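Enquirer: Below are the sequence and a predicted model; questions follow.
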Amino acid sequence: MIYPQPFSGKRNLIGILGGGQLGRMLALAGYPLGLRFRFLEPSPDSPGGQMAEHIVAPYDDPEGLRRFTAGLTVATYEFENVSVAAAHHISSRTALYPPPAALAASQERLVEKTLFHKLEIPVPSFYAIDSSDSLKSAVEKVGLPSVLKTRRFGYDGKGQKVLRTSEDVGTAWEELGGKPLILERFVSFDREVSLIAVRSRTGETAFYPLVENHHRDGILRLSLAPAPDLLPTLQAQAELFANKILEELDYVGVLAIEFFQQGDRLLANEMAPRVHNSGHWTIEGSETSQFENHLRAILGMPLGSTRSVGLSAMVNLIGDLPRVDSVLKIPGAHLHLYGKEPRPGRKIGHVTIRSDSEADLQLRLAEMHELVRAEP
Ligand SMILES: Nc1ncnc2c1ncn2[C@@H]1O[C@H](COP(=O)(O)OP(=O)(O)O)[C@@H](O)[C@H]1O
Ligand SMILES: [Mg+2]
């Protein structure tokens, strides 16, 4: 058996690098299974640290890492900018999933797109950019509009710029230049969808249905699950691509992949080696949540069913908190607050609305949108 019997007296201790809301929701999913949690997170007040043992130290601090890894059953992470060196250090002391190779691939957009390309997963055409000249010649090949992105540390649309005119090319280089960049063809997609996949230490895999995602200002606002009018062939395509990545990286845990849909075709945009914002709906909208399945996977336990329970709409709460009583009045609305101070552009919570009928879901979602729009 891979895991000590979780329901025996000896309880499993899960270490999580990062104390954000994803870690908090992992812990919330694990308590019913009798699991205990420990966070390593430099910030003294964090969504995860509020609810479990919390080691306050930088991720690369040797003493912090020693205290973090002592006595763990298994370690995992909830954000992908954990340094690969720290990941290797941890995996020399305790089991760490997803594997450090997945971190390395997802941290760098050029490495990531090259991996997709090698696995014959379609991607928008892309070029490595390291100088103003290489940008100009890549723009000639890709054409305008195109998207210039930093290769590392981009999130929520930060560190990227859409180039529409030749003037944009010059200003983008001033803004983003000096760091390794990637230029991508601008995809005029029909919609954005994402797949949450999970693979256990035993090799068992499971997939949630594709979800339709809506972004504003680069931040995810709304996910509809399952994606409306989802054709089985599109789901099969996404699962085929996910399987290739899971196998290639000998992956363990939840993996999220973002795609652009054009007609009946998917182009991979990026992946995240962790539980993902577009999978939050699974807490109420699926037989087993992404958080519980991530824990099951890293412990080598059987995976839970990913069958959907009706239809879900997940609305992110960004910057400001709408009136809590008004949210709770909406039938089928499930409020999740992360214990964070409201601040512009900050994800402070989400609401999942669940319903058994499409018409009903749309009504409830319209009510929810009124509340979010009412924010100053
Ligand atoms: N090549 C592209 N063509 C069209 N839109 C894009 C492209 N790349 C990114 N975008 C838009 O920008 C959003 C954020 O880009 P993404 O690469 O996912 O970065 P992040 O790490 O910030 O999520 C995407 O969800 C999509 O809406
Ligand atoms: Mg993205």
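Expert: Done, it's in. Numbering: from 1, shown residues only. Ligands and ions are numbered 1, 2, ... in the order given.

Enquirer: Pull the contacting residues for the spatially most central residue of the chain.
Expert: Central residue of the chain (CA atoms, centre = their mean): H276, 2.7 Å from the mean position. By CB atoms under 8 Å, 6 or more residues apart in numbering, the contact set of H276 is S194, I196, V254, A256, Q290. Where C-beta positions appear, they are placed from N, C-alpha and C, glycine not excepted.

Enquirer: Could I get the phi/psi values of the fourth one?
Expert: Which is A256. Taking degrees, to the nearest 10, you get phi -110, psi 140 for the backbone angles of A256.

Enquirer: Model confidence score at the closest residue in space to it that isn't next to it in sequence, please.
Expert: Spatial nearest neighbour of A256, chain neighbours left out: H276 (3.4 Å); criterion: CB to CB, 6 or more residues apart in numbering. Note on H276: pLDDT of 98.

Enquirer: And for F153?
Expert: As predicted, F153 sits at a pLDDT of 88.

Enquirer: do the one 5 residues further on as well
Expert: As summarised for this prediction, K158 has a pLDDT of 89.

Enquirer: That one and R152, how far apart?
Expert: Taking CB to CB, to the nearest Å as the measure, K158 falls 12 Å from R152.

Enquirer: Looking at the two, which is more packed in?
Expert: Neighbours were tallied for K158 and for R152 using other CB atoms under 10 Å; the higher tally belongs to R152 (15 against 12).

Enquirer: helix/strand/coil for that one?
Expert: Classification of R152 by DSSP: H, G, I helix; E, B strand; the rest coil places it in coil.

Enquirer: So it is in contact with E108, correct?
Expert: Yes: here R152 reaches E108: they are 5.7 Å apart, a contact under CB atoms under 8 Å.

Enquirer: Can you name the helix or strand that G64 falls in?
Expert: Here G64, judged by DSSP states H and E, is contained in helix 62-69.

Enquirer: what packs against that helix?
Expert: Under the contact definition 3 or more CB pairs under 8 Å, 6 or more residues apart in numbering; DSSP states H and E, helix 62-69 sits against strand 13-17, strand 36-40, strand 53-55, helix 84-91.

Enquirer: try 6 Å this time
Expert: For helix 62-69, the elements it packs on are strand 53-55, judged by 3 or more CB pairs under 6 Å, 6 or more residues apart in numbering; DSSP states H and E.

Enquirer: For the strand it packs on, what is the distance to the chain centroid?
Expert: Centroid separation for strand 53-55 versus its chain: 23 Å, with CA atoms, centre = their mean, to the nearest Å.

Enquirer: immediately after the helix holding G64, which helix or strand?
Expert: Beyond helix 62-69 toward the C-terminal end (DSSP H and E), the next one is strand 74-77.
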